[in-house]
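> Quick check, what structure comes out for this input:
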Amino acid sequence: MGGREHHGTRALGALAEVAFGTASDLTRLDRWLPEGISAVPADGDAVTVRWRAGDREGETRCTVSVVPERLRLEWRAEGPAGASGWLEVGENGAGSSRVEVCLRTAGGGPGEETVDELLEQALRNLDREVGENFTAG
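Below is the predicted model:
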C-alpha cells in the first residue's frame, strides 16, 4: 500500500516569527514532538529521529531545510520508506499566528488514526512551547 498525506493546523498566540523560531530550532524539537518520538541534531542540516511504538522502535536520519523567508521547515527521512513533510507559519491577525503541517508517510507504518493523533499532539505541544518561549522573551 502507498503512502498517505496528513494535514494539521493550529492557531498560536504569538507572532509568526516567534512561532517559527521555536518550531525551526533543531535543538528544541524534542520539546514539541509527540510522545515516543525524539530528535537530536546531527551534523549539518540533519537530525537523528528515534521512535517507539509499543514494542517496536527505530531510528532514522532526516535532512531538514529551514526556509526563513517563507517561515517554512521541510524534512525528508533517508531511505525509500521514509516520511517527509513541511511546517509553515503565517500571520493570523492581532499578534497571533497559524501553523500548518503536512506529513507524508510511507506504507507499512502506523495507521492513519494514530498518525493523525500524533500530529495533533505535536501541534498542541508546539502551541505550549511557543507560549512558553513567548512569555519568557
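
> Could you count how many residues lie near residue 91?
Using other CB atoms under 10 Å, residue 91 is surrounded by 14 other residues. (C-beta placed from N, C-alpha, C; glycine too.)

> Apologies, that question was intended for residue 62.
Going by other CB under 10 Å, the residues that sit close to residue 62 add up to 19.

> and it, which of the three is it?
Using DSSP: H, G, I helix; E, B strand; the rest coil, the structure places residue 62 in strand.

> That one and residue 46 touch, don't they?
Yes: proximity of residue 62 to residue 46 meets the contact threshold set by CB atoms under 8 Å, at 6.5 Å.

> Show me the longest helix that occurs in this protein.
The residue-count maximum for a helix in the chain (DSSP state H) belongs to helix 112-136.

> other SSEs contacting that one?
strand 4-12, helix 16-23, helix 29-32, strand 96-105 (3 or more CB pairs under 8 Å, 6 or more residues apart in numbering; DSSP states H and E).

> neighbouring contacts of the second one?
Applying CB atoms under 8 Å, 6 or more residues apart in numbering, the set of residues contacting helix 16-23 from outside is 12, 28, 32, 68, 71, 73, 87, 89-92, 97, 99, 126, 129-130, 133-134, 137.

> picking that back up, chain center to the longest helix of the chain: distance?
Relative to its parent chain, helix 112-136 has a centroid offset of 9 Å by CA atoms, centre = their mean, to the nearest Å.

> before we move on, what about stretch 60-75?
Chain-centre distance of stretch 60-75: 10 Å, with CA atoms, centre = their mean.
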